[in-house]
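Undergrad: Build me a model:
(chains A, B and C)
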Amino acid sequence: MTLRFISCVLAVLFPMLAHAETVRMAVTTSFENSGLADVLLPPIKDELDLDLQLLVVGTGQALTLGAAGDVDAVLVHSRAAEDAFVAAGHATHRREIMYNDFVLVGPSADPAAIADATTAIEALQRIDRADAVFVSRGDDSGTHKMELSLWDKAGIAPDDLGTSYQSVGSGMGAALNTASGLNAYILSDRPTWLTFGNKGDLVLLFSGDPALFNPYALLPINPSRHSHVNADAVARLEEWLAGPRGKAAIESYTFDGQPLFVHSAVAN
Amino acid sequence: MNDLSQGLAEAIYRVATLDPELVDITLRSLQVTVTAVVIAAAIALPLGAWLAVTRFWARRYVIAVLNALMGLPPVVVGLIVYVMLSRSGPFGVLGLLFTPTAMIIAQVIIVTPLIASVAHQALRDLWSEYHDLLISLNTTKRQRIATLLWDGRRALLTACLAGFGRAIGEVGAIMIVGGNIDNVTRVLTTAIALETGKGNFSLALGLGFVLITLAIILNLLIHSLSRTERSNLW
Amino acid sequence: MVASIFPLRIAGACVKRRGVQLIGPINLDLGSQGLTIVLGPNGSGKTSLLRLMHGLERPASGTINWACPDNEARSHQAYVFQTPTMMRRSVTDSISYALIVMGVARPTAREKAKEYATRVGLGHLLDCPAGVLSGGEKQKLAMARALIRQPQVLFLDEPCANLDGRATKEIEVILNDVRQQGTRIVMATHDLGQAKRLADDLLFMLNGCVREQGAAESFFADPQTAEAKAFLNGQIVE
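TA: Okay, here's the model as predicted:
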């Protein structure tokens, strides 16, 4: 009786033993919420025999997990932070996989008239002038960093915006839920916005500025820092994502007929 | 209102068709929480009984700390367990982060003080009733603890159910230490958080209804089981 | 043959609770024979004296000694409380519990428990939860739980205080039976009639002190103190 109990406990405590080869990757919420993960995981499992386990967090936390060695690879979208991460030796290199773009979303009445803006920076300046409510991720994610750099270029300090600037400190989906509830403006990546299920009165108002370009890069964690990382499997994963099979899988993911991600990796 | 009715419909549909994903995360929720509660009970019940029958100078402080720990914020527990189990942390070599084991550890820490505190309160009353008799019968401390645990079993069951209720509905800690990995550490509560993040309110609500129903069914089941015992013995 | 725990010697013992003296000083020797009734009005310290003898109260001053170490002595004693504690168990399990904690195997203990339950007249209630018994049945259960340990001395604290005439009589029949088998009995009561029916010898207590002690016959025939006289005459003594 006692023996059986102990063996049950042990079986629960060591559930990972029986699994196939496993790679843990920290990815951004925009990657997971867009639905691309659901498209990529099955072929990766089939063709590479890899259990790709995704930890869905903001870019900031994804990089922290990588630096601590708690994941084997990181897939994020924040160029400056990625370069610093590689420079610090946490990752062996940076491999760009794909891109999409950010969009500005807001209430259909568009009180700040950002639909008529010519650049993203002008759109933000219009939001400031109209004193319209803007929801910020506020979670140190790639999207958040992009938003902050745009405010900076627009010459506006978000802190000066007062109560019309709402920093929610959560993922893309949760922030969109908040914006939907407040009927506010928000910066989102395009796939998450398109597949988001609770749009309410929000509509896509501005996109297409090259400043809103949003590349996603894979950062394999440095095995000389963390000897336990599964570097071989990550290398296979990287080749697959960068290669023709990855390109086909990524570009097959469409919403209303438009592709959500554009494959941009250069084959070795 | 629309979301609610859609959620209910979603829940009924997925339960009726035994949606494999739903079954999978429901079973994982049960596995993690039941294991955690069993381990926590194995620690907390004897601890509660021991505190009831033992007098020592720090007893009041231990009880006060236990009561305070009942309100332990799960997020903080999650964070501490995360830091401990992280590859850069003291127990990193075990490689337990982002596994169901890590979730169980976090839940054990969260519910042990709760179960111990509720158990201690119930057994303290029973002990004041039994005190003279058990002293008179020359029982050892072990026998006293065993007697209280057995005779107070129905109150202790309630303590365990309270622990189960707290653990099964917990999301803050297991999100951090489990990582909500599909097919590995995704449970009902983290799935609800995820679907809410995607704006899929009806699916999130559907999962919520499944969670609530699960908790109710388990409680009813255990209470009906323990009632057959009561008609016999008490 | 188990060594006798008698005699009990109490010398100058006082019991205090939260600084208030409950009884004492008590000077008393207890031999191995007979049925001693501790008589006295409510609050005179009968219960405290019994608890002191049984080791449930420690003397604040003075000494109390059995012929063997305290812990060993207590395993040869049994105590029936005024309001017996009913465990959340069946009649059989409640009685067998007293043996199991002494290290007796469960099946043997249960057989014995059924035997003793039958002896005190609970044979038809073996599987009944102890908590639902009537007042008289609870006292009988407590008696069986005490007797099953085959104590050298049995303490009873007002066992009939809450019982009607018939239940009281049944308890007294059992007590006489126990006495005949040679078990020492010390019993507190404030019931004069019961004292007269049962006592071999007698301790008369008032205000925490033993005022008179001696053979029952001479006490009832010729009490030495004014308070005892008044008590026997049914007056209120303080």
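Undergrad: Next, C:Leu30: phi, psi?
TA: Dihedral angles of C:Leu30 (phi, psi; degrees, to the nearest 10) stand at phi -120, psi 120.
Undergrad: Which residue is the nearest non-sequential neighbour of it?
TA: Distances taken as C-beta to C-beta, 6 or more residues apart in numbering or on different chains put C:Leu8 closest to C:Leu30, at 4.0 Å, once the chain neighbours are dropped. To be clear about C-beta, it is placed using only N, CA and C from the backbone, and glycine gets the same treatment.
Undergrad: who's in contact with the one you found?
TA: When contacts are counted by C-beta atoms under 8 Å, 6 or more residues apart in numbering or on different chains, C:Leu8 touches C:Leu28, C:Asp29, C:Leu30, C:Met53, C:Ile64, C:Asn65, C:Trp66, C:Ala67.
Undergrad: Buried ones in the helix or strand hosting the second one, by neighbour count?
TA: Counting by DSSP states H and E, the element that carries C:Asp29 is strand C:20-30. Buried residues in strand C:20-30, counted by 16 or more other C-beta atoms under 10 Å in any protein chain shown: C:Leu22, C:Ile23, C:Gly24, C:Pro25, C:Ile26, C:Leu28, C:Leu30.
Undergrad: Could you report the neighbour count for A:Arg129?
TA: By other C-beta atoms under 10 Å in any protein chain shown, 11 other residues sit near A:Arg129.
Undergrad: Just the buried positions in the helix or strand in which it is found, please.
TA: If you go by DSSP H and E, A:Arg129 is part of helix A:120-130. Of the residues in helix A:120-130, A:Ala120, A:Ile121, A:Ala123, A:Leu124, A:Gln125, A:Arg126, A:Ile127, A:Asp128 count as buried by neighbour count, 16+ other C-beta under 10 Å.
Undergrad: Now do the contacts for C:Ala216.
TA: C:Ala216 makes contact with C:Ile37, C:Ala195, C:Lys196, C:Ala199, C:Asp200, C:Asp201, C:Leu202 under the criterion C-beta under 8 Å, 6+ apart.
Undergrad: got it, and B:Gly163?
TA: B:Gly163 is in contact with B:Val37, B:Ala40, B:Ala41, B:Ala44, B:Val111, B:Thr112, B:Leu114, B:Ile115, counting by C-beta under 8 Å, 6+ apart.
Undergrad: where exactly do the strands run in the stretch 101-250 of chain A?
TA: All strands of the stretch 101-250 of chain A, identified by DSSP state E, counting those that start in this stretch, fall at A:134-136, A:165-167, A:185-189, A:202-206, A:213-220.
Undergrad: Tell me if the longest one is near chain B.
TA: The reference is to strand A:213-220. No - using C-beta under 8 Å from any C-beta of the partner chain, strand A:213-220 stays clear of chain B, coming no nearer than 15.3 Å.
Undergrad: between the host helix or strand of A:Lys45 and strand A:213-220, how many degrees?
TA: Assigned by DSSP H and E, A:Lys45 belongs to helix A:36-48. Interaxial angle, helix A:36-48 versus strand A:213-220 (axes from the mean of the first three to the mean of the last three C-alpha atoms, to 10 degrees): 40 degrees.
Undergrad: Skip ahead from helix A:36-48 and say which helix or strand is next.
TA: Heading C-terminal from helix A:36-48 (DSSP H and E), you reach strand A:51-57.
Undergrad: neighbouring contacts of the helix or strand following that following strand?
TA: Per DSSP H and E, the first helix or strand lying C-terminal to strand A:51-57 is helix A:59-68. Counting contacts by C-beta under 8 Å, 6+ apart, the residues outside helix A:59-68 that touch it are A:26-28, A:55, A:57, A:71, A:73-78, A:81, A:85, A:88, A:90-91, A:139-145, A:219, A:221, B:86-89.
Undergrad: on that earlier part again, of the contacts of C:Ala216, which pair is most distant in space?
TA: C:Lys196 and C:Asp201 (12.6 Å; C-beta to C-beta).
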